[in-house]
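Colleague: Got a predicted structure plus its sequence, pasted below:
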Amino acid sequence: MSYRRYHSAKRGRRAAAVLALVAVGLVVAAAGAPAGAPPGPAVAAPGVTVAGTPVDGLTPAQARAVVAEAFSRPLVLGYDGRSWQRAPAELGARADVAAAVRAAVVAPTGRNVPLRITYSRGAVRRWAAAIAASLDRPVRDAEVRLRGARPVVSKSQTGVRVRRKDAVRRIAQALELHARGPVALPVRRIEPELTRASVGPVVVVRRKSHRLVLYDGMRRVRAFGIATGRPSFPTPLGSFEIVTKQRDPWWYPPASGWAEGLDPVPPGPGNPLGTRWLGLDVYAVGIHGTPDAASIGYSASHGCVRMQIADAEWLFERVRVGTPVFIVDA
């Protein structure tokens with residue numbers, strides 16, 4: 001065989017071998033898939049999420065169903081053990097799920113695809129208003145009343161008020177961030193100024209029995225003998241409070257016929273007010289000491305409540321401006 005014929009034969013054998021390998025590959029490929037089958041659907045890459053909802057490995061149809069279900073979950077607001085919930089659709093919320101899924105299917109590994117939504121601000125405001133209507137309550141201070149001749153203190157109430165603008169803002173943020181809560185409801189608590197624990201001293205003057213009783217809230221502390229107004233100048237009945245406290249007061253004659261022509265009296269042993277004065281919110285009437293100890297137990301004053309000087313000094317240290325004083329005909 002010539003050199004030229006040898007090399008031509010060698011090239012022919014190589015070409016035949018290549019053709020044989022291609023044929024084998026086609027046979028194997030044909031055995032692995034049915035003839036005429038379309039290519040498989042695209043799926044989202046590993047770690048891909050839509051608004052935080054995992055869709056990796058899902059087809060577009062599967063991803064749309066998963067994202068739509070996650071978006072439709074109710075939004076929950078909570079406060080102090082109570083909760084309120086609304087489906088996003090009830091708040092006029094709509095999500096463009098299809099566009100987000102299309103982006104997710106072609107997104108790179110680990111990408112979080114945003115989900116664009118719209119909602120009704122009016123519906124959100126109405127929900128916040130409905131919650132406020134069910135939760136708001138006014139603040140209420142404790143009140144001191146008499147039952148018989150004893151003080152009774154009502155319970156106070158802490159006020160609660162939903163901060164409506166903040167509530168609308170938080171609901172909108174939860175919808176936009178696809179958070180479903182419970183989202184803390186923004187509430188303002190308003191504490192009462194006066195409670196049962198803070199009522200403090202209460203004075204009850206029993207006019208007929210010539211007794212003054214000091215209470216701490218509803219607890220009896222101490223009772224004293226007193227003098228009250230004579231029949232022509234009775235100690236007034238009713239509910240009052242202490243509006244002024246004076247140590248070693250001056251006595252000034254009131255604008256009354258019985259005091260006409262009298263001069264003011266400075267502090268000292270002969271002062272008609274003794275050493276302490278607790279003025280009430282009624283003209284020229286107060287609780288005070290007296291140098292006339294013999295008048296205690298009688299209706300002897302011109303309307304004031306007289307006490308032994310030592311008793312008035314003791315009481316002075318335990319009451320304050322604003323202390324309620326009840327004068328009863330008992």
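Modeller: Looks like it came in fine. This one's a predicted model, so the numbers in the text were calculated from it and none came from an experiment.
Colleague: Show me what the strand ranked longest in the chain is packed up against.
Modeller: Across the chain, the longest stretch assigned as strand under DSSP state E is strand 238-247. For strand 238-247, the elements it packs on are strand 276-280, strand 324-328, judged by 3 or more CB pairs under 8 Å, 6 or more residues apart in numbering; DSSP states H and E. The way it works is simple: take the backbone N, C-alpha and C, and place the C-beta from them, glycine included.
Colleague: and the last one, which strands flank it?
Modeller: This points to strand 324-328. strand 201-206 (parallel), strand 238-247 (antiparallel) (DSSP bridges).
Colleague: ok, and what's touching it?
Modeller: Outside of strand 324-328, the residues within contact range by CB atoms under 8 Å, 6 or more residues apart in numbering are 144, 146, 149, 151, 202-207, 235-242, 280, 287, 305.
Colleague: now for the helices and strands packed on strand 238-247, which one comes closest to Lys165?
Modeller: For those, distance to Lys165 was read as CB to CB. The smallest value, 39.5 Å, belongs to strand 324-328.
Colleague: Distance from the chain centre to the closest one, please.
Modeller: In terms of CA atoms, centre = their mean, to the nearest Å, the centre of strand 324-328 is found 36 Å from the chain centre.
Colleague: repeat for stretch 90-102
Modeller: With CA atoms, centre = their mean, you get 34 Å for stretch 90-102.
Colleague: Ok, stretch 265-283 next?
Modeller: That offset, for stretch 265-283, works out to 47 Å (CA atoms, centre = their mean).
Colleague: And the average pLDDT for that stretch is what?
Modeller: On average, the pLDDT along stretch 265-283 is 95.
Colleague: What of stretch 321-330?
Modeller: Here the average pLDDT along stretch 321-330 is 96.
Colleague: That one: which residues count as buried?
Modeller: Residues Thr323, Pro324, Val325, Phe326, Ile327, Val328 are the ones in stretch 321-330 that count as buried (16 or more other CB atoms under 10 Å).
Colleague: next one: stretch 67-87
Modeller: Neighbour-count burial for stretch 67-87 [16+ other CB under 10 Å]: Val67, Ala70, Phe71, Leu75, Leu77, Tyr79, Trp84, Arg86.
Colleague: Could you tell me the end-to-end distance of it?
Modeller: 15 Å (CA to CA, to the nearest Å).
Colleague: quick one: pLDDT of Ala23?
Modeller: The model's pLDDT for Ala23 equals 39.
Colleague: cool, and Gly148?
Modeller: 88.
Colleague: Spatially nearest residue to it (excluding sequence neighbours)?
Modeller: Counting by CB to CB, 6 or more residues apart in numbering, Gly148 lies nearest to Ala330, which is 7.9 Å off, once chain neighbours are set aside.
Colleague: which residues touch the one you found?
Modeller: Residues near Ala330 by CB under 8 Å, 6+ apart: Gly148, Ala149, Arg206, Arg207, Lys208, Ser209.
Colleague: Save the residues you listed as a markdown table, and put in secondary structure, neighbour count and distance to Leu315 too.
Modeller: What follows is these, written out as a markdown table (DSSP: H, G, I helix; E, B strand; the rest coil; neighbours: other CB atoms under 10 Å; distance: CB to CB, whole Å):
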| residue | secondary structure | neighbour count | distance to Leu315 |
| --- | --- | --- | --- |
| Gly148 | coil | 9 | 22 |
| Ala149 | coil | 15 | 18 |
| Arg206 | strand | 18 | 15 |
| Arg207 | coil | 20 | 17 |
| Lys208 | coil | 10 | 20 |
| Ser209 | coil | 17 | 18 |
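Colleague: Dump these into CSV; add distance to Val50 as well.
Modeller: Converted to CSV, the contacts of Ala330 look like this (distance: CB to CB, whole Å):
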residue, distance to Val50
Gly148, 72
Ala149, 74
Arg206, 78
Arg207, 81
Lys208, 83
Ser209, 82
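Colleague: Nearest to Arg180 among the residues you listed?
Modeller: Distances from Arg180 to the contacts of Ala330, taken by CB to CB, are shortest for Gly148, at 56.9 Å.
Colleague: Next one: that closest one from Pro54, what distance?
Modeller: 72 Å (CB to CB, to the nearest Å).
Colleague: follow-up on the earlier one: narrow the buried residues of stretch 67-87 to those in helices?
Modeller: Cross-referencing these against helices under DSSP state H gives Val67, Ala70, Phe71.
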